[in-house]
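Novice: Sequence isn't available, so here's the structure alone:
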Ligand SMILES: Cc1cc2nc3c(=O)[nH]c(=O)nc-3n(C[C@H](O)[C@H](O)[C@H](O)COP(=O)(O)OP(=O)(O)OC[C@H]3O[C@@H](n4cnc5c(N)ncnc54)[C@H](O)[C@@H]3O)c2cc1C
Ligand SMILES: Cc1ncc(C[n+]2csc(CCOP(=O)(O)OP(=O)(O)O)c2C)c(N)n1
Ligand SMILES: [Mg+2]
């Protein structure tokens, strides 16, 4: 029997190194799932919700750097992928989504389950096309895969079930070459100009982000030559913070005042591989240099005096021999001193409370950090778990931290943990879940036993949408619609076949976390943590705060996450 279009589709994916497809089946996907069934070199990863499938594929792509694939059946099936795909697209991870379509002869008639995936997904993809003819396979699939990989983001193919079952016209993949890896580096004139500019400055601060992945050593060497403190943006945490004598923490609302001050007090800001989004945290008077692989990223967040298009590693390598050793220590010394102070302030908060008081979430995060494996993969939900992950997890070059940092979607942590664990079965995977975020895609708790994934879920149970409460208070409005009447999560976990553990008091946190992490299988730990109390900083009036989101203030949350520190004021006092 000859191949059908679905067989060819699966064969091309396998040929490109794809090992699995995350999704939920449906009759419009029958051709594809049936083709997977007959092969042993690709697996179908069955999730309970397609959004989970898209987030999981994104996590795999994030960790491996390679193309990952998810699929949904026609209409509502693939529509459910959309939020996860938005996250993949915004995080620039290569993901192919297969959106099955209604019978081809019915398109345009308002048929049962009819949607138009090529319109729906246009905004969250670089490429989104319908395959309506057998002759388009594998060409359109290959264009989609090439686009996802080379532009780093999402590509979608829509294909009707009947088209997938037609006889294939082509028989094999058209393209067989390894992923191109060009090295992008600014010209020598540009590097000389940058070196001259840097040589003229006595106070240089580096703001580095996820684009510095793989360029750790070069970054440290450049900072050493320039005597420049390094501030990192959140997505750069895994790659920049460890083994870094120039680290002065993160900036931004969840950042440290030391990160903020290092940026605000510099003469020259050197941005490398970052798209840190908050304009108010950039200095107004400094000379700003931005290095990014993508020219279109330059100047998005602040004014730029010199913009260079280049890969972080290649550019820093090219720059190093052009730099003389700076003798100006004062700026670095001050920034490091401020960092030590800020760090100590945060560490002092990560302590146990007496048995009668609510547990500090910082304490939970700190213990998790201490107890987790050397190469653990953490995921953190959007909400306050992002704060605790940013501030209390220690990265070491082997650990990874995933979140929905750019798209900012709730409920990301468990689905991303699923993709991380499926693609990295031997690594410890820990989901730092909010009670709101966890409940949002809780159906996929069932996936952990179904796929035997030994994920550890830590539920930070504050009985509220606490991050939103912070935002409401900051905006001067009364909290409303943020209460959560929670179930007994441990019983739900037990019902789903997991080990369910509960902590009542601070003195139990360590032993219970240790037990969960040791457990050979999936486990959920429910930890009641204190709900936050936000107070307004004295120089921001309620009137000013109105209409502003928390993210637009020039302020950081204090260590406890219960007060905003007005940085304008901190600066005045200096
Ligand atoms: C609740 C919440 C609160 C948050 N608060 C903060 C906060 O306080 N502080 C904070 O920092 N973030 C915060 N974030 C995250 C924030 O929204 C951004 O996602 C983050 O700051 C971006 O980090 P980045 O610049 O490292 O990564 P990205 O946004 O991914 O930017 C990476 C840049 O590097 C470029 N690049 C990629 N590869 C290369 C290469 N090889 N060479 C050169 N350039 C390359 C890309 O083109 C891109 O411009 C928060 C997120 C959430 C959900
Ligand atoms: C899908 C989605 N819905 C709503 C929001 C707005 N939002 C941001 S954080 C948050 C609360 C998260 O609550 P929870 O998971 O309990 O974490 P907490 O902040 O309470 O620790 C909400 C509703 C969002 N970011 N994403
Ligand atoms: Mg909560």
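Specialist: Nice, I can see it. Because the structure is a prediction, the values reported are computed rather than measured. Residues are numbered from 1 along each chain as shown. Ligands and ions are numbered 1, 2, ... in the order given.

Novice: Wait, residue 190 touches residue 315, no?
Specialist: No - the criterion here is C-beta atoms under 8 Å, and residue 190 misses it with residue 315 at 9.0 Å. Placement of C-beta: from N, CA and C, glycine included.

Novice: so what's the residue of the chain found nearest ligand 2 up against?
Specialist: Nearest residue of the chain to ligand 2, counting by C-beta to the nearest ligand atom: residue 434, 2.1 Å away. Contacts for residue 434 (C-beta atoms under 8 Å, 6 or more residues apart in numbering) come out as 381-385, 410, 413, 459-460, 462, 465-467.

Novice: So between residue 190 and residue 315, which is more surrounded?
Specialist: Neighbour comparison, residue 190 and residue 315: the larger count goes to residue 315, with 27 against 19 (by other C-beta atoms under 10 Å).

Novice: Could you check how far the more buried one is from residue 304?
Specialist: When C-beta to C-beta, to the nearest Å is the yardstick, residue 315 and residue 304 sit 15 Å from each other.

Novice: Same question for residue 443.
Specialist: 45 Å.

Novice: neighbours around the residue of the stretch 101-250 of the chain found nearest ligand 3, how many?
Specialist: Closest contact between the stretch 101-250 of the chain and ligand 3, by C-beta to the ion, is at residue 234 (19.8 Å). By other C-beta under 10 Å, the residues close to residue 234 number 23.

Novice: thought it was touching residue 405?
Specialist: Yes - Residue 234 lies in contact with residue 405 (C-beta under 8 Å); the separation is 5.4 Å.

Novice: Do the longest helix along the chain and ligand 1 come into contact?
Specialist: If you go by DSSP state H, the chain has its longest helix at helix 330-349. No - judged by C-beta under 6 Å from any ligand atom, helix 330-349 makes no contact with ligand 1; its nearest approach is 13.4 Å.

Novice: Also stretch 448-462?
Specialist: No - using C-beta under 6 Å from any ligand atom, stretch 448-462 stays clear of ligand 1, with a minimum separation of 13.6 Å.

Novice: Flag every buried residue along that stretch.
Specialist: 448, 451, 453, 454, 455, 456, 457, 458, 459, 460, 461, 462 (16 or more other C-beta atoms under 10 Å).

Novice: And it, how far out from the chain middle?
Specialist: 19 Å (C-alpha atoms, centre = their mean, to the nearest Å).

Novice: now swap in stretch 102-116 and tell me
Specialist: Remark: stretch 102-116 is offset 35 Å from the chain centroid, using C-alpha atoms, centre = their mean.

Novice: for stretch 477-493, same thing?
Specialist: That offset, for stretch 477-493, works out to 25 Å (C-alpha atoms, centre = their mean).

Novice: per-residue pLDDT, residue 570?
Specialist: At residue 570, the pLDDT value in this model is 46.

Novice: I'd like to check what contacts the longest helix of the chain. Which residues are they?
Specialist: 202-205, 227-229, 246-249, 256-259, 261-262, 265-266, 360, 362, 366, 391-392, 559-560.

Novice: Ligand 3 contacts on the stretch 301-450 of the chain?
Specialist: Residues of the stretch 301-450 of the chain lying close to ligand 3 (C-beta under 5 Å from the ion) are 434, 435, 436.

Novice: Which phi and psi values does the residue nearest the centre of the chain adopt?
Specialist: The centroid of the chain falls nearest to residue 403 when counting by C-alpha atoms, centre = their mean (3.4 Å). With angles defined as degrees, to the nearest 10, residue 403 sits at phi -160, psi 180.

Novice: Appreciated, that's everything.
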